[in-house]
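K.L.:
What follows is a predicted protein model with its sequence.
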Amino acid sequence: GVAVGVVERVHPAGDAGRGGRSFDRAHVPRGRLVIGGHDHGEGGSGSGGGQGGHRGGDLGGVRFQPKASAASTDCAGHAYGDTAVWLAGHPCTRLVRSLYQTEADGRQAAVALAVLTFADQSTATAFAGVANTPGSGGITDLVQDGRGWVGGPRSFDNAAYGVTVRDTTVRLTEVVWATGPSNPQDAALRRLAGISAGLPGNQ
């Protein structure tokens with residue numbers, strides 16, 4: 001489909017959650033909200049598919065290496081903040097969380113992808129609005145669940161963030177540098193966040 005809506009927002013305050021701890025998202029943008037298509041960020045490109053048999057490899061000219069994946073039907077149980085509350089009242093039918101390793105500008109980067117499927121498109125679109133609201137919490141990534149890897153990030157704090165809606169599916173992407181500090185407005189990370197929206201949930 002064709003992208004019909006793009007919204008960018010910035011957190012005014014930190015979120016609480018992710019394993020019960022607080023983290024500062026005062027400067028984390030609730031990245032692009034794209035409805036009806038895939039956004040590939042500044043200067044990004046890609047197939048925009050991500051629904052088929054792709055299991056890592058090249059996407060938009062960028063190589064992604066799968067690191068971990070986990071599926072569940074308990075979306076609220078893997079969420080925090082207002083997002084968890086919303087999902088408790090509007091359950092998803094499936095959640096797939098994945099981790100990927102990639103590279104940009106000669107630096108290793110990491111991607112956390114959460115793919116949520118809902119019973120109908122209106123619920124999916126409503127959830128995307130919640131997920132893109134400042135201070136609304138989010139989906140706990142697999143690094144926080146102890147599924148990190150040697151050379152990978154300790155957390156996805158200060159990640160470049162994106163929300164993509166396509167039919168009944170919502171994709172939340174977070175991208176950080178594997179080592180050292182990350183800035184959610186880093187152009188390279190934002191481009192990766194856009195491209196990685198096309199990755200499959202299950203590896």
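P.N.:
Received, thanks. Keep in mind the model is a prediction, meaning the values are calculated, not measured.
K.L.:
Got phi/psi on the residue positioned nearest the centre of the chain?
P.N.:
In the chain, the centroid-proximal residue (CA atoms, centre = their mean) is T173; its distance is 1.7 Å. Dihedral pair for T173: phi -120, psi 140, per degrees, to the nearest 10.
K.L.:
Surely it is in contact with V111?
P.N.:
Yes - under the contact definition of CB atoms under 8 Å, T173 touches V111, with a separation of 6.5 Å. In this view, the C-beta of every residue, glycine as well, is placed from N, C-alpha and C.
K.L.:
which residues do those two both contact?
P.N.:
Jointly contacting T173 and V111 under the rule CB atoms under 8 Å, 6 or more residues apart in numbering are 193, 196.
K.L.:
hey, what's the residue nearest to the centre of the chain bridged with?
P.N.:
L113, G162 (DSSP bridges).
K.L.:
ok, the spatially most distant residue from the centre of the chain to P153 distance?
P.N.:
Computed with CA atoms, centre = their mean, the residue of the chain farthest from its C-alpha average is G106, at 22.2 Å. Going from G106 to P153 by CB to CB, to the nearest Å gives 17 Å.
K.L.:
Next: P181.
P.N.:
Taking CB to CB, one finds P181 at 11 Å from P153.
K.L.:
Tell me which of the two has more neighbours.
P.N.:
P153 (25 against 9; other CB atoms under 10 Å).
K.L.:
Can you identify each of the helices in the chain by residue range?
P.N.:
81-89, 121-131, 187-196 (DSSP state H).
K.L.:
Next, the angle helix 121-131 makes with the first one.
P.N.:
Computed with axes from the mean of the first three to the mean of the last three CA atoms, to 10 degrees, the direction of helix 81-89 lies at 160 degrees from that of helix 121-131.
K.L.:
For helix 81-89, buried residues please.
P.N.:
81-84, 86-87 (16 or more other CB atoms under 10 Å).
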